[in-house]
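>>> here's a sequence, model it:
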Amino acid sequence: MIETYDAVLVGGGIMSATLGTLLKELQPDWKIVVYERLGDVALESSNAWNNAGTGHAALCELNYMPEGKDGSVDPAKAIAINEQFQQSRQLWASLVERGILDDPSTFINETPHMTFVRGEKDVAYLKKRYEALKGQPLFEGIQYSEDSRVIHQWAPLLMEHRRKGEPFAATRVPAGTDIDFGALTRQMFAHLKEQGVEVVTNREVKRLKKQKDGTWKVSFRNTIGRTPGSINARFVFVGAGGWALKLLQRSGIPEASGYGVFPIGGQFLKTSNPAVVAKHKAKVYSQASVGAPPMSVPHLDTRVVDGEASLLFGPFATFSPKFLKTGSFLDIITQVRPGNLFPMIKVAIDNPSLLTYLVGELAKNHAKKVDSLRDFVPTAKDADWELIQAGQRAQVMKKDPDKGGVLQFGTEVIAAADGSIAGLLGASPGASTAASIMLGLLKDCFPDRVDEWEPRLRELIPSYGETLNARPDAARASMAATAAALGIHP
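From the prediction side, this is the model:
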């Protein structure tokens, strides 16, 4: 007899960990299982070295607030992303206070978020951005300077031996954070195991089939021994990173038609030299190069992993046809369907700058990459920095009624009309906004239960269903409370 579960979560990353945590809090009686194809959880995109660890709150990321054709800047998207990040902070603070998560310093550390730009045009833009944000409650405390002495105090490596006479400017928000999403994910799964959730590793889901009774037959194969098996599930979440599209396509739901993904890998330069690391405590973002896509924005980041501080600079794009670091070289081909072929071709035609950017990145050797670093750190020495391979991103391509096909940055939930299955596609700022994304998924997939769940959701995430930025006092109180619980700057 095939066993039936209330929920099956495919993928052992931060998204499944967050959804599993919420579901177990809301329905303690549910029978839940998590399947991860690798030997442990948090080994793909959630792994600390596969991402930059930025607590994405739009404090420093310029691509969330681009300059319009008329020169204006609109803070709406930046505010929305910050609102989403605040919900993640609230959830983590709740879990810390209940002893579910370990000492906060094991996964989150105070790290100011900065933006640094050069040239008159970008300086003028950054000042406009600052003026638009400084009055927003969620961005309270943002600082702006064009003074080299001030910027040197904020981040000495940026200013040492910098050429005189060059216009530059920076913003700084002390309340930024660095997050080890790998540690956070592992701690959440450890708690789920204690609550009776089955977390099964070395098990790869191969097929999803809707059955007449409305449940899903989930067929899998153990990666050790290659033993096949199957279970039934009333609800399925596919949080399998780049492979989510493959499984959603195999499920046959029409909502997945028209979607494709474009895989882009990344590398970072890393240094653990104590003398260098000691001179920089911040995440500093800048403008992307002309013609480069938003995910290529260069940044110099403090990272704290397993208690050890280091610096990362990048990302430098790499290319692999795989949708995951441990994926298949056939991934980019096997995703092709009649419904997504034209949108993907249209994206390729409309984005020649992306291909040019990728070719240029692939041509860079170690020395050339350190040359790029010197735009940020004029004193950088080749010998101090090593290249490390980051994770694989699968950028979303989808149908567009006007353009035929578009390349979309960010994340997107695809859910069946009956709510019985859903999956997540896309990348940044995904992990930082996991709580908000999963709250949206709960509304889409369990509309008949959301009202019943609301009191508990408000206990876990006090701003659930509301916005903070429109209520300055509530915003300050919420940020102060979560900062106190997480041991970071309010």
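>>> so what's Y464 up against?
Residues near Y464 by CB atoms under 8 Å, 6 or more residues apart in numbering: 87, 439, 454, 457-458. Backbone N, C-alpha and C define where each C-beta goes, glycine included.
>>> how does it look with 6 Å?
Applying CB atoms under 6 Å, 6 or more residues apart in numbering, we find Y464 in contact with 457-458.
>>> now the phi/psi pair for it, please.
phi -50, psi 130 (degrees, to the nearest 10).
>>> I'd like the distance between it and Q84.
Counting by CB to CB, to the nearest Å, the gap from Y464 to Q84 is 12 Å.
>>> check F313 too.
26 Å.
>>> who has more neighbours, those two?
More crowded of F313 and Q84, by other CB atoms under 10 Å: F313, with 24 against 21.
>>> now do the strands in the stretch 301-450 of the chain.
Ranges of strands within the stretch 301-450 of the chain are 308-318, 386-389, 393-400, 404-408, 411-415, 421-426, based on DSSP state E, counting those that start in this stretch.
>>> for the stretch 51-200 of the chain, same thing?
108-110, 113-118, 143-145, 168-173, 177-179, 198-200.
>>> ranking these by burial, who's on top?
strand 177-179 (a mean of 26; mean count of other CB atoms under 10 Å).
>>> which secondary structure elements does that strand sit against?
Judged by 3 or more CB pairs under 6 Å, 6 or more residues apart in numbering; DSSP states H and E, strand 177-179 is in contact with strand 108-110.
>>> helices or strands up against the strand it packs on?
Taking 3+ CB pairs under 6 Å, 6+ apart as the contact cut, strand 108-110 packs with strand 177-179.
>>> mean confidence score for the strand it packs on?
Strand 177-179 shows a mean pLDDT of 97.
>>> quick one: which helix or strand includes V284?
Element membership of V284 [criterion: DSSP states H and E] is strand 283-285.
>>> give me the sheet partners of that strand and which way each runs.
Applying DSSP bridges to the sheet, strand 283-285 is found paired with strand 113-118 (parallel), strand 299-305 (antiparallel).
>>> so which of those is nearest R203?
The closest of these to R203 is strand 299-305. By CB to CB, the value is 27.1 Å.
>>> what comes into contact with the closest one?
Here strand 299-305 has contacts from 48, 52-53, 109, 111, 178, 180, 281, 283-285, 310, 312-313, 376, using CB under 6 Å, 6+ apart.
>>> of these, closest to L19?
Nearest to L19 among these: D180, at 19.7 Å, using CB to CB.
>>> how about the contacts made by the closest one?
Here D180 is in contact with 48, 107, 305 (criterion: CB under 6 Å, 6+ apart).
>>> can you tell me the closest non-neighbouring residue to P315?
The spatially closest residue to P315, leaving aside those adjacent along the chain, is G266, at 3.8 Å (CB to CB, 6 or more residues apart in numbering).
>>> wait, is that neighbour part of a helix?
No. Counting by DSSP: H, G, I helix; E, B strand; the rest coil, G266 falls outside a helix, being strand.
>>> now the helices for the stretch 201-350 of the chain?
Secondary structure of the stretch 201-350 of the chain, counting by DSSP state H, counting those that start in this stretch: helices at 244-251, 274-277, 331-334, 338-350.
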